[in-house]
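> all I have is the shape, not the residue letters:
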């Protein structure tokens, strides 16, 4: 064995000592996750719409809002002045914001099993011409935790077959999932069997999820056109199986009342993307909601009707406008039932 010259020996020794000294005084720093490669638009989700009390013509309720900027990061520092609901002149209902608080969701330890159900109907060619639902889904995959699993299903199978198409069972094979997503950019056609497929994938998730924490994520740009199941069938089935449905609606043509009800009554959340670029932040931040690690704004409202009184079973729907303090406004539909 060759021996090192003294000069080389001392050089190596000095290098080791310097390295050890650096390690001993190193400070822990936060590692900032990279943002998405495609810039999105600010988005927000409504969830946990709950009745508080009724007194004659006045009904008090609360709605939680999860608000993120164009980079998918939580927007902090909002207060009462940044939230509003326009009065409904048709139904003659007047809205008053009573209070706004920040709240943390209930943390769900361990991983999650998320079923992604993507609408591939023919109208997608117009509403999402740049396939941002696909890119948003890829970003969702990029942020999977080490214990998280995802399954991918789309509908319809083709223009003459309204059944769901199963691309991948619950897996952590991100590359295979992304390859399947890429094929969807060439297969938009047919109608919207929304209720039937949502019901079906809820059953699949209940039977095949890898974790206790499980959810269904439904993306669509329209209303159900197929029948076979009703909205209430979908909701009752998800509640019975304890599987929340998170809905993402694209375009002004989507039925926001249906999607917000589906999410609210099953314990999920509803994102409305008027602009397809909002899909980037909607999909990119869903993991925070699934894990229960998100911060939300808990908004408290009173809605007063001009005539009559509120009765159990009445439904209040509307759109909360969120001012991001920079002139940008996000519209967030909500759904609450009087009890």
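Nice, I can see it. Quick caveat, the model's predicted, so the values are computed rather than measured.
> which stretches of the stretch 51-200 of the chain form strands?
With DSSP state E, counting those that start in this stretch as the criterion, the stretch 51-200 of the chain has strands at 58-68, 83-84, 93-104, 112-119, 149-155, 165-171.
> quick one: the fourth one to chain centroid distance?
Centroid separation for strand 112-119 versus its chain: 11 Å, with CA atoms, centre = their mean, to the nearest Å.
> before we move on, what about the third one?
Distance of strand 93-104 from the chain centroid (CA atoms, centre = their mean) equals 21 Å.
> and that strand, what does it pack against?
strand 83-84, strand 295-305 (3 or more CB pairs under 8 Å, 6 or more residues apart in numbering; DSSP states H and E). (C-beta placed from N, C-alpha, C; glycine too.)
> got the residue ranges for the helices in the stretch 151-300 of the chain?
174-183, 194-208, 231-240, 256-266, 278-291 (DSSP state H, counting those that start in this stretch).
> so which of these comes closest to residue 311?
Nearest to residue 311, of all those, is helix 256-266, at 18.1 Å by CB to CB.
> helices and strands of this protein: which one has the lowest mean pLDDT?
helix 6-24 (a mean of 42; mean pLDDT, DSSP states H and E).
> count of neighbours near residue 62?
18 (other CB atoms under 10 Å).
> isn't it right up against residue 303?
No - in this structure, residue 62 is not within contact of residue 303 by CB atoms under 8 Å, at 11.8 Å.
> between the helices and strands packed on strand 93-104, which one is nearest to residue 337?
strand 295-305 (12.7 Å).
> could you dump the helices and strands packed on strand 93-104 into a markdown table with mean neighbour count, mean pLDDT and distance to residue 128 added?
Output for those, formatted as a markdown table (neighbours: other CB atoms under 10 Å; pLDDT from 0 to 100; distance: least, CB to CB, whole Å):
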| stretch | mean neighbour count | mean pLDDT | distance to residue 128 |
| --- | --- | --- | --- |
| strand 83-84 | 18 | 98 | 29 |
| strand 295-305 | 19 | 98 | 27 |
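> need the ones you listed in a markdown table (columns: distance to residue 121).
Converted to a markdown table, the helices and strands packed on strand 93-104 look like this (distance: least, CB to CB, whole Å):
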| stretch | distance to residue 121 |
| --- | --- |
| strand 83-84 | 34 |
| strand 295-305 | 31 |
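> end to end, how far does stretch 204-215 reach?
11 Å (CA to CA, to the nearest Å).
> check what pLDDT residue 39 gets.
pLDDT recorded at residue 39 is 76.
> and the nearest residue to residue 61 once chain neighbours are set aside, how many neighbours?
Leaving aside its chain neighbours, residue 61 sits nearest to residue 336 (4.7 Å; criterion: CB to CB, 6 or more residues apart in numbering). Neighbour count for residue 336, taken as other CB under 10 Å: 25.
> what does residue 57 give?
Residue 57: 15 neighbours (other CB under 10 Å).
> and it, its phi and psi?
Torsion angles at residue 57 (phi, psi; degrees, to the nearest 10) stand at phi -90, psi 0.
> residue 170 touches residue 204, doesn't it?
No - judged on CB under 8 Å, residue 170 makes no contact with residue 204 at a distance of 9.1 Å.
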